Each structure stands twice: as structure tokens, then as C-alpha cells.
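S.K.: Please work out how this folds:
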Amino acid sequence: MHLELENKVIVITGGAKGIGAAISRACGQEGAIPVIVDRDEEAGRKIEQELTGTSRRCTWIGADLTQQDGARHAVLAVLQKYDRIDGLVNNAGVNDRVGLEHGSPAEYLASLERNLLHYYAMAHFCLPLLKKSRGPIVNISSKTAVTGQGGTSGYASAKGAILALTREWAAELLGYGIRVNAIVPAEVMTPLYRQWLSSFPNPDEKLKHIVAKIPLGARMTEPEEIAGAAVFLLSAKAAHITGQHWYVDGGYVHLDRALT
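M.R.: Predicted structure coming up:
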């Protein structure tokens, strides 16, 4: 399927690792120009070199999006280099385990800064350029937004707000032809997920327990499967899809638990 993404400038936050890196690679494979906004310089330089080394164009922009001016500076850097933005993927964030019982109001606010506020800031500062290109927005959420998890109030509420903002922005931006959709992953095998697994006495046993609850194939979702959905939603093939929450989770959230 020809997705018509050649030479499109796609900004991807947190695009140097995990799901974000998979989306960056998928955009590059489709001929787009991934612009990776990530504060991890080592990872950012590595994927920039990887993608440019395969005759694809790619730019890493170092930015700490938890800082007030991080998003504005990142967008200005994109504008200076490319003078346009054809799509935005809001992805950066981390399940930081800031809970209700074991947490504080200050820690909760910091969690929102890590996981939510920069979604708004990036969309806000990209908007003038997206209006010119009629470029779409794809927001990466999480199953915790609808299932809860326990002990992660900050992350769960941020991801829930992302689903709400997806619908709100889809409504607000209709007149500009800007589509806004969200992807809702569940259990995805990323470096951060492997790190979390390693915190258990028997990581293999913990993983076996988790995948037994995933209906389709009893396996983890791969980052590349999230990336496939993202590039489709960014493409012209999704021209009449907006305000949607796409679950890429092997049926984890919605299928009957009796199936597992």
C-alpha cells in the first residue's frame, strides 16, 4: 500500500527509543523525514545516524519537554531546518508509578509534566504549521487510561486526558482539515518494559503470566505493530479517520477474559 508519506516532515516526540523509535523507523521506511524530539542525546544521535545511514533523511532535536519552553524551542528548530511540519506524533512519556497512596501532590504534578502537558504544548506550537499542511496528529495513549493499573495515578490520568484531548482536538480542528487520532497500546515489549520485568525475582515467570492474558497469540505487542498503525493514521489512506481511539493490543482490553 502506497501511503504517500514521501518527504513529509513528521515530528515524533520521544522518538529515539521504544515505541517512538519504531515509529521513527517506520516513517523513514515510508520515505518521510522523521524529526525526533528526544532529550536522550546518545539514543537520539544513534537513531539519527542509523536512518541517515540508510539513505533516508532524519533529524534529532535535543529537547526536555518537561521544561516550560522545551516544546517551543523544539518546534522553532524544526521550522528553521525544514520550514514546515506535515504531521505530529505525541509519544514521549514514562509510567513513573506515582500513585495515590505512595505519592504526593507535587509528584503527581511532575508526572503530568512528564506525560501530558507537553502533548498540549507540542500541538499548540505545531498548529500554525499543521494548518498550512493539513497535517494530522497521532497521540500515543495507554490501556491504563481505561483499565486502571493501581499505583500509577499520574500516568493513568495523563493517558486518560490524552484520549479526551484527541476527541477535543479532532472537533476543534475539523475546519482546518486536521485529523487527530490516538493509539492505545497495552503490553508492548520495549526497553523500559524489559527494565520493569527485570525488577521481579523471576522475570521470565512474570512475563509468562502476563502474556497468558493476551488473547491474540498469547504474546506481547511489538513496537513495530504500534508503528504500523501510526504511519497509517499519518497517511492519506486514513483521510476520513478522525477522533478515533485505536487499540493495538491483541484484544487485551476488550475481549472476554474467558478467552485466556
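S.K.: Identify all contacting residues around stretch 95-113.
M.R.: With contacts defined as Cβ atoms under 8 Å, 6 or more residues apart in numbering, stretch 95-113 is touched by 66, 114-115, 142, 144, 150-155, 157-158, 192, 196. (Each C-beta comes from the backbone N, C-alpha and C, glycine too.)
S.K.: List the buried residues for it?
M.R.: 95-99, 103, 108, 110-113 (16 or more other Cβ atoms under 10 Å).
S.K.: Do a quick rundown of the helices in the protein.
M.R.: 18-29, 41-52, 70-82, 105-115, 117-133, 144-147, 153-172, 191-197, 203-211, 223-234 (DSSP state H).
S.K.: residue closest to the middle of the chain?
M.R.: Geometric centre of the chain, nearest residue: Asn91, 2.4 Å, by Cα atoms, centre = their mean.
S.K.: If we ignore the residues flanking it in sequence, what's nearest Ala71?
M.R.: Closest residue to Ala71 apart from its sequence neighbours, by Cβ to Cβ, 6 or more residues apart in numbering: Ala121 at 3.6 Å.
S.K.: re the thing from before, let's see the PyMOL selection covering just the buried ones among the contacts of stretch 95-113.
M.R.: Selection of the buried residues among these in PyMOL, burial being defined by 16+ other Cβ under 10 Å:
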select buried, resi 66+114+115+142+144+152+153+154+155+157+158
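S.K.: For the contacts of stretch 95-113, work out which two are farthest apart.
M.R.: Greatest spatial distance in the contacts of stretch 95-113: Thr66 and Gly150, 24.4 Å, computed using Cβ to Cβ.
S.K.: hmm, back to that, among the helices of the chain, show the one with the smallest mean pLDDT.
M.R.: Of all the helices of the chain, mean pLDDT reaches its minimum on helix 191-197 (a mean of 86).
S.K.: Please save the CA atoms from it in PDB.
M.R.: Coordinates of the C-alpha atoms in helix 191-197 are reproduced here as PDB (Å, rounded to 0.1, in the frame of the first residue of the first chain):
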ATOM      1  CA  PRO A 191      13.400  -1.400  26.700                       C
ATOM      2  CA  LEU A 192      11.500   0.200  29.600                       C
ATOM      3  CA  TYR A 193       9.200  -2.800  29.800                       C
ATOM      4  CA  ARG A 194      12.200  -5.100  29.900                       C
ATOM      5  CA  GLN A 195      13.700  -3.000  32.700                       C
ATOM      6  CA  TRP A 196      10.400  -3.200  34.600                       C
ATOM      7  CA  LEU A 197      10.400  -7.000  34.200                       C
END
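S.K.: Could you list the buried residues of it?
M.R.: Tyr193.
S.K.: Relative to Arg257, how far out is Gly243?
M.R.: Applying Cβ to Cβ, to the nearest Å, the value for Gly243 to Arg257 is 29 Å.
S.K.: quick one: which of these two has more around it?
M.R.: Neighbours of Gly243 and Arg257, each counted by other Cβ atoms under 10 Å, are more numerous for Gly243; the result is 15 against 7.
S.K.: Tell me the spacing between the closest residue to the more buried one other than its chain neighbours and Asn139.
M.R.: Nearest non-adjacent residue to Gly243, counting by Cβ to Cβ, 6+ apart: Ala170, 3.5 Å away. Distance of Ala170 to Asn139, given as Cβ to Cβ: 10 Å.
S.K.: shared neighbours of the two, anything?
M.R.: 180-181.
S.K.: Comparing the two, which residue is more hemmed in?
M.R.: Shown here are Ala170 and Asn139; by other Cβ under 10 Å, Asn139 has more neighbours (24 against 20).
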